[in-house]
Structure formats: structure tokens, C-alpha cells
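A.B. asks: Provided below for reference: sequence and predicted model.
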Amino acid sequence: MLTLKKVSSMTDIKQTAFIAAEIWHEHFTPIIGEQQVNYMLDKFQSEHAISEQIQQGYTYFALMNDNQQIGYTGIKTQQDCLFLSKLYIKKDFRGCGYSKVMLDQIEKEAKQNNKSIIRLTCNKNNANSLAVYKKLGFQIVRQEKTDIGNGFYMDDFILEKQL
């Protein structure tokens, strides 16, 4: 049975960081390279980083298939939108409609917080994810190149979905 579970305990955070490392190494290494993947995992997806983000107002949900975590999402309410920071699914479970399951929860959270826009960033070379987001109703609104330190940049499209 597919469910979304709020990530709150250190056990949940540890498992989410573990899943993040698996997904990122598989999916992003061909796009941005292993050095940048390792740097970004440490900076944004490690146990420490996820714990800090939750303290700063992010909400994480683990996508569970029975008792196995197969993905996760992270969101944060901002002044003008709900920011979709993370939405990742393990390779063997992609293409099964699970992104839609997570997006339904994200839309519910946006409406509960009186937000009519969901915004996200996606690497310009991440063609598969961009196709999924477009299918889910997101549109590219601009481009952005962000210095994330250590000589690395995120070269992204900013996408939005109007609710």
C-alpha cells in the first residue's frame, strides 16, 4: 500500500538521507558529475542538512510502499508560494504515477496554507524530470544560475504550477 509519512524522527531523517544518496548517485551523477553530487548531498541532503531544514520550517514526507521508503519530498511555505524543494523517487519505482501521489499531498499542503502557486527548481539538463513536471501542470517561468559554493553552480529552470 502506498502512503506518505511525515518525516519527523531521527530514524526517519536518517532513512531519508540514505535514500537521497542512493537516488542522487544514480540519477544526478550523469547530469552534474560525482563531485558535485557528493557536495550537494552533504550540503542539502545529509542527516544534518535535513534536520536543519526541518528546524527552519521545511516539511518532509517519505513515500512508503508498505514499509519500504521508495522516495521523499520536501516543501516549505514561502511568502508568495509553496516551494517544492525536493521530489525524488527510487529508479525502480519511477513511471508508476507516484509523482502524482506526492504532488496531490503537496497541493493539499499549499491549499491549507492559502498558497495558489507551487514553485520548484529543476536542473536544465534533467530532461526526464522536466517532462514529468510539465505533465503534472508545471510551466517554466524563468532560468536561474545559483552559486552553491565550492566552485559549483545549480543551472536551473524555475517552474510554477497555478492552483
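C.D. replies: Sure, I can see it.
A.B. asks: I'd like the next helix or strand past the lengthiest helix in the chain.
C.D. replies: Counting by DSSP state H, the longest helix found in the chain is helix 10-32. Later in the chain than helix 10-32, the nearest helix or strand by DSSP states H and E is helix 34-40.
A.B. asks: Now tell me what touches that following helix from outside.
C.D. replies: Here helix 34-40 makes contact (Cβ atoms under 8 Å, 6 or more residues apart in numbering) with 24-25, 28-29, 32, 148-150, 152. C-beta here means a position set from N, CA and C on the backbone, and glycine is covered the same way.
A.B. asks: Repeat that for stretch 3-17.
C.D. replies: 45-47, 49-51, 54, 59-64, 69, 72-73, 101-102, 105.
A.B. asks: Can you flag the buried ones in these?
C.D. replies: Burial by neighbour count, 16 or more other Cβ atoms under 10 Å: within the contacts of stretch 3-17 this picks out 45-46, 49-50, 54, 59-64, 69, 72-73, 101-102, 105.
A.B. asks: Helices - which of those land there?
C.D. replies: 49-50, 54, 101-102, 105.
A.B. asks: re the thing from before, just curious, which of the contacts of helix 34-40 is nearest to residue 128?
C.D. replies: Closest approach to residue 128 among the contacts of helix 34-40 (Cβ to Cβ): residue 28, at 11.5 Å.
A.B. asks: can you tell me which residues contact the closest one?
C.D. replies: For residue 28, the contact set (Cβ under 8 Å, 6+ apart) comprises 36-37, 40, 123, 126.
A.B. asks: Please report the distance of it from residue 79.
C.D. replies: Here residue 28 is placed at a distance of 29 Å from residue 79 (Cβ to Cβ, to the nearest Å).
A.B. asks: Tell me which stretches of this protein form strands.
C.D. replies: 2-6, 59-65, 68-77, 82-89, 117-123, 139-149, 152-162 (DSSP state E).
A.B. asks: Next, the angle from the shortest one to helix 10-32.
C.D. replies: The reference is to strand 2-6. 110 degrees (axes from the mean of the first three to the mean of the last three Cα atoms, to 10 degrees).
A.B. asks: Report the rounded mean pLDDT for strand 2-6.
C.D. replies: The average pLDDT for strand 2-6 rounds to 95.
A.B. asks: which parts of it are buried?
C.D. replies: residue 4.
A.B. asks: Next, the angle from that strand to strand 68-77.
C.D. replies: Using the same axes, to 10 degrees: strand 2-6 against strand 68-77 is 50 degrees.
A.B. asks: Dump the C-alpha coordinates for strand 2-6 into PDB.
C.D. replies: C-alpha atoms of strand 2-6 as PDB (Å, rounded to 0.1, in the frame of the first residue of the first chain):
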ATOM      1  CA  LEU A   2       1.400   3.400  -1.000                       C
ATOM      2  CA  THR A   3       1.300   6.100   1.700                       C
ATOM      3  CA  LEU A   4       3.100   9.400   2.600                       C
ATOM      4  CA  LYS A   5       4.500   9.600   6.100                       C
ATOM      5  CA  LYS A   6       5.700  12.800   7.600                       C
END
